[in-house]
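Engineer: got a predicted structure plus its sequence, pasted below:
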Amino acid sequence: MKIVVVGTGYVGLVTGTCLAEVGIDVVCVDVDTKKIENLKQGILPIYEPGLDKLVHRNYDKGRLKFSTNLTESIKGADVAFIAVGTPPGEDGSADLQYVLTVARQIGENMNDYGVIITKSTVPVGTAAKVKNAIQNALDARGVNIEYDVASNPEFLKEGAAVNDFMKPDRIVVGIESERARLVLEKLYHPFVLNGHPVIFMDIASAEMTKYAANAMLATKISFMNDIANLCEVMGADVNLVRKGIGSDPRIGNKFIYPGIGYGGSCFPKDVKALVRTARENGYEMRILQSVEDVNEDQKHVLFNKVKKKFGNLSGKKFAMWGLSFKPNTDDMREAPSLVIIENLLAEGATVCAYDPVAKEEAKHMIGDKIEYAVDEYDALRDADALLVVTEWSEFKAPDFSEVKARLKNNLIFDGRNIFDRAEMERQGIEYHSIGIKS
Ligand code: UGA
């Protein structure tokens, strides 16, 4: 089998690399020359645990190739994945221009039967547009080449992407022909040897499944954040409530951790896009609109606690542990840290932050408006308080005597509930967390 993956972003690079890992020939194509040159030298555009090792190994074995030339790469390909970006437009809807440009180019250059698969998260109806773009290009060439389009949404999590791809819970594939089904069955056979299913369905349902999955997960988080805020008002402890409800298997104990709002490149974009798509089609997603509203407010919750404690923040200095939207990634997109920093700076405070990997990404977005520490203890120097913003493992059991020695006040605002309240009391640290009255 020969596979082409167009787009070497998060989804495309992981997909291409993991397919190569099971012995398939893969060409990853991108228009970004610099990115492709870097990949050839083993320099990855993203930080993702385990991915660099797989890229190096498969590149060295010659199974994984990188190219800027889609025209040549597509020739003889059995499967082409479209994994280019679908950035949100101003109105929140997914911008499909890159997806459709690639579809057209595939139609202009394919020379034999192939399955063209959308892997990017795209609204219901996109596969039909992809088909249209391919067909128009084939018609313009005056050739009659058979092909199928399919939808194969990706469910991998940043920070665990390689494992999620290699050992998926499920693979969802939307198809419209038996021929495409056989190709996809063969392609994914090595990944479902553990007994997890490839779920075949029609294309519209596959496209909707992706949004429904992310929207459901985002709903769980906003729901718990809402409950956490109410717990604070009512004098309950959300950590206990979480354990209490999570032990019911119908609810489950995953994805019900309250915090400072979800971020990243997926939930915020997909929730907005689904609300928008529904509205365009005359339906109001009332629950999802609230999920989005609660999330926007939640990003301010930690700052509000700081403000309530100090009143005037002018001239105050805050240590921040974590910048990325979640641990094990350098991704800063829609990170709650950005909102918290903006709020603090607007009030005349200064911030010294430490993140194990996101410093460079953060610098791209916020530049020198904050100070960057060399480690977590360095960030604490003369700070009025510590704010825990991302739950990196290495922050979870610090040397508290060192923390206290460096901070001006024994004061921690924990946006991720990583510390034990009783331990904080023993340490004589004033501790503000999410979902319990301080
Ligand atoms: C998410 C989905 O989990 C993946 O299944 C999906 O493939 C991906 O989006 C995508 O559409 O590409 P990801 O954005 O990498 O993956 O991150 P998650 O681990 O899902 O976390 C998202 C956000 O939710 C983070 O900001 C995290 O801090 C927050 N979160 C998560 C909570 O606040 N509480 C929780 O209990 C869980």
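Structural biologist: That came through fine. Numbering: from 1, shown residues only.
Engineer: quick one: stretch 205-224 to chain centroid distance?
Structural biologist: 13 Å (CA atoms, centre = their mean, to the nearest Å).
Engineer: does the residue nearest to residue 211 when sequence neighbours are not counted count as helix, strand or coil?
Structural biologist: Excluding its sequence neighbours, the residue lying closest to residue 211 (CB to CB, 6 or more residues apart in numbering) is residue 274, at 4.7 Å. Quick note: C-beta positions are derived from backbone N, CA and C, even for glycine. Three-state assignment for residue 274 (DSSP: H, G, I helix; E, B strand; the rest coil): helix.
Engineer: what does residue 256 give?
Structural biologist: Per three-state DSSP, residue 256 ends up coil.
Engineer: for it, grab phi and psi.
Structural biologist: Backbone torsions for residue 256, taken as degrees, to the nearest 10, come to phi -120, psi 30.
Engineer: from residue 204, how far out is it?
Structural biologist: 30 Å (CB to CB, to the nearest Å).
Engineer: need the residues of the stretch 51-200 of the chain near the ligand, please.
Structural biologist: 121, 154, 155, 156, 157, 158 (CB under 6 Å from any ligand atom).
Engineer: count the residues that sit near residue 283.
Structural biologist: Residue 283 has 10 neighbours, counted by other CB atoms under 10 Å.
Engineer: the residue of the chain positioned farthest from its centre and the ligand, how far apart?
Structural biologist: The outermost residue of the chain, judged against the average C-alpha position, is residue 142 (41.2 Å), by CA atoms, centre = their mean. Applying CB to the nearest ligand atom, to the nearest Å, the value for residue 142 to the ligand is 39 Å.
Engineer: same check on residue 60?
Structural biologist: 28 Å.
Engineer: could you verify my assumption that residue 109 touches residue 71?
Structural biologist: Yes. At 4.8 Å, residue 109 and residue 71 qualify as touching, with contact defined as CB atoms under 8 Å.
Engineer: who's more crowded, those two?
Structural biologist: residue 109 (17 against 13).
Engineer: isn't the residue nearest to residue 211 right up against residue 215?
Structural biologist: Yes. Between residue 274 and residue 215 a contact is recorded at 5.5 Å, counting by CB under 8 Å.
Engineer: what residues do these two have in common as contacts?
Structural biologist: Common contacts of residue 274 and residue 215, defined by CB atoms under 8 Å, 6 or more residues apart in numbering, comprise 285, 288.
Engineer: neighbour count for these two, which is higher?
Structural biologist: residue 274 (26 against 21).
Engineer: name the helices or strands packed onto the helix ranked longest in the chain?
Structural biologist: Looking across the chain with DSSP state H, the single longest helix is helix 203-234. Counting contacts by 3 or more CB pairs under 8 Å, 6 or more residues apart in numbering; DSSP states H and E, helix 203-234 is packed against helix 126-141, strand 147-151, strand 171-174, helix 238-246, helix 267-280, helix 286-298.
Engineer: mind telling me which of these the model trusts least?
Structural biologist: Sorting the helices and strands packed on helix 203-234 by mean pLDDT places helix 267-280 lowest, at a mean of 92.
Engineer: report the buried residues of that one.
Structural biologist: 267, 268, 269, 270, 271, 272, 273, 274, 275, 276, 277, 278 (16 or more other CB atoms under 10 Å).
Engineer: between those residues, which is nearest the ligand?
Structural biologist: residue 267 (5.3 Å; CB to the nearest ligand atom).
Engineer: check contacts around the residue nearest to that closest one when sequence neighbours are not counted.
Structural biologist: Sequence neighbours aside, residue 218 is the residue nearest to residue 267 in space, at 4.4 Å (criterion: CB to CB, 6+ apart). With contact set as CB under 8 Å, 6+ apart, residue 218 has these partners: 262, 267, 270, 271, 288, 291, 295.
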